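**Q** Here is the input, now give the coordinates:
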Amino acid sequence: MKQRLITGIIAGAVFLGLCFMGGLWYHFLVLAMSLIGYYEFVKMIKIAPFGGIAAIGYLGVLMFVFPWNLTGLTFPFSWEHGIWLVMLLFLFVTVFSKNKVGIEKVSLLFIASVYIGIGFMYIAESRNTPDGNGLFWTFLLLASIWASDAGAYFVGRKLGRTKLWPAISPNKTIEGAVGGVIIAVITAMIFALLSDGLLPLANALLIGGASAVIGQLGDLVQSAYKRVYGIKDSGNLLPGHGGILDRCDSWIVVFPFVHILSLLPY
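**A** Numbers count the residues shown, from 1 in each chain. Model prediction:
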C-alpha cells in the first residue's frame, strides 16, 4: 500500500505538472506513454516487442501522437489515409512472411495501434484546443474519469450487491457503476458552475455521463483481454499500479469519444 501511494503521488505530480505546463514537454510525455502502452500490449499477446512486425505498430502510434502542429510540421496524410496505410503494411507482412505471421497477429497489432495511438492522440490534443482552454478541458475529463472510478469503488464497497459482469471483472457491481455515473456527473456539474459560462450545464451532464459509462466500458475492455491472456496487469512500470494501459484504460476511450461526439463546447 505504501509503495502504491508513493508511486501514485510521484507519477501524478509529474503528469499533472507537465499537463499544467502544456506545450511540447507535455505532448512528448503523452507520446512516451503511448509507445510504452503499445509495448505492453505487444508483450501481452506474446509477440516480440521489438521485432520487425511490432515496428509497424510503433510507427503507427508515433504517427498518430506526434506533436505535428506544435513542431510546425504538417501531417503528410489525412487521418483515415494514415490508418489505411498502417493496415496495408500489416497485411503485407502476411504475404512477405508466407503466412508465418498470420492474419490473427497482424489484426491484433493493427487494432492496438489504432486503439492506443488515437486514444493518446486525443489526450494530447485536448491540452491544445484552438480556444486556448485546453487545460480546463483536460482537467474536466480527467476529474470526471477519476470521480467515476472513485465513486464506483466506494459505492460498490458500501452498497454493492449485484455483480455487473462477473465473467470479466468479478469485483464490479451494478450499484458501484451507477454510483460512479452519479459522482462523475456531479463533478462535471461543479466544473460547469465554476467555469463562468464556458461549460454549459447540458454539456457537463453529457460529459460526466459519458466519462463514467464509456470509461467503465474501457476498463472492462482491458479486463476482458487481460483475462484472455491470463495476466493481472498490462505492465509493471508503476509499482503498485501496473502499467500505462492499466492506468489509462478509461482515458484512451473517453477522450476520443467526447471529441468525436463534439461534447466539448469549443
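**Q** And stretch 69-84, what's buried?
**A** Taking 16 or more other CB atoms under 10 Å as the basis for neighbour counts, the residues of stretch 69-84 that come out buried are 82-83. Using the backbone N, CA and C atoms, a C-beta is placed for each residue, glycine as well.
**Q** Looks like Phe257 contacts Ala210 (just checking).
**A** Yes: using CB atoms under 8 Å, Phe257 and Ala210 qualify as a contacting pair, with a distance of 6.0 Å.
**Q** Which elements pack onto the longest helix seen in the chain?
**A** Among the segments of the chain that qualify as a helix by DSSP state H, the longest is helix 201-228. In terms of contacts (3 or more CB pairs under 8 Å, 6 or more residues apart in numbering; DSSP states H and E), helix 201-228 is packed against helix 134-159, strand 169-173, helix 174-193, helix 251-260.
**Q** so where's this protein shaky on pLDDT?
**A** Counting by pLDDT under 70, the low-confidence segments of the chain come to 1-4, 238-241.
**Q** Give me the domain ranges for it.
**A** 23-126, 132-266 (automatic domain parsing).
**Q** gap between the shortest one and the chain center?
**A** Counting by CA atoms, centre = their mean, to the nearest Å, domain 23-126 is centred 14 Å from the centre of its parent chain.
**Q** Check the longest one too.
**A** Here the centre of domain 132-266 is set off from its chain's centre by 10 Å, with CA atoms, centre = their mean.
**Q** ok, the nearest residue to Asp219 once chain neighbours are set aside - contacts?
**A** Taking CB to CB, 6 or more residues apart in numbering, and ignoring the residues beside it in sequence, Asp219 has Asp249 as its nearest neighbour in space, at 5.2 Å. With contacts defined as CB atoms under 8 Å, 6 or more residues apart in numbering, Asp249 is in contact with 218-219, 221-222.
**Q** if we go to 10 Å?
**A** 37, 119, 145, 215-223, 226, 234, 242-243 (CB atoms under 10 Å, 6 or more residues apart in numbering).
**Q** Of these, keep whichever come out buried.
**A** Of all those considered here, the ones buried according to neighbour count by 16+ other CB under 10 Å are 37, 119, 145, 215-216, 218-223, 226, 234, 242-243.
**Q** For the residue sitting furthest away from the middle of the chain, which three-state class applies?
**A** The outermost residue of the chain relative to its centre, with distances by CA atoms, centre = their mean, is Lys98 at 34.4 Å. Taking DSSP: H, G, I helix; E, B strand; the rest coil as the rule, one finds Lys98 in the coil state.
**Q** What separation do you get for it and Leu108?
**A** With distances taken as CB to CB, to the nearest Å, Lys98 is found 19 Å from Leu108.
**Q** Skipping adjacent residues, who's closest to Pro200 in space?
**A** Computed as CB to CB, 6+ apart, the closest residue to Pro200 that is not its neighbour in sequence is Pro265, at 6.2 Å.
**Q** Contact partners for that neighbour?
**A** Taking CB under 10 Å, 6+ apart as the test, what Pro265 contacts is 131, 133, 137, 195, 198-200, 202-204, 207.
**Q** Switch those over to TSV; also include neighbour count and distance to Ile56.
**A** Shown next, in TSV, are those (neighbours: other CB atoms under 10 Å; distance: CB to CB, whole Å):
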residue	neighbour count	distance to Ile56
Asp131	11	35
Asn133	16	36
Trp137	25	32
Ser195	17	42
Leu198	16	41
Leu199	23	40
Pro200	12	43
Ala202	11	42
Asn203	19	38
Ala204	24	40
Ile207	29	35
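**Q** which residue packs closest to the most centrally placed residue in the chain, ignoring adjacent ones?
**A** Central residue of the chain (CA atoms, centre = their mean): Ile252, 1.9 Å from the mean position. Nearest non-adjacent residue to Ile252, counting by CB to CB, 6+ apart: Gly119, 2.6 Å away.
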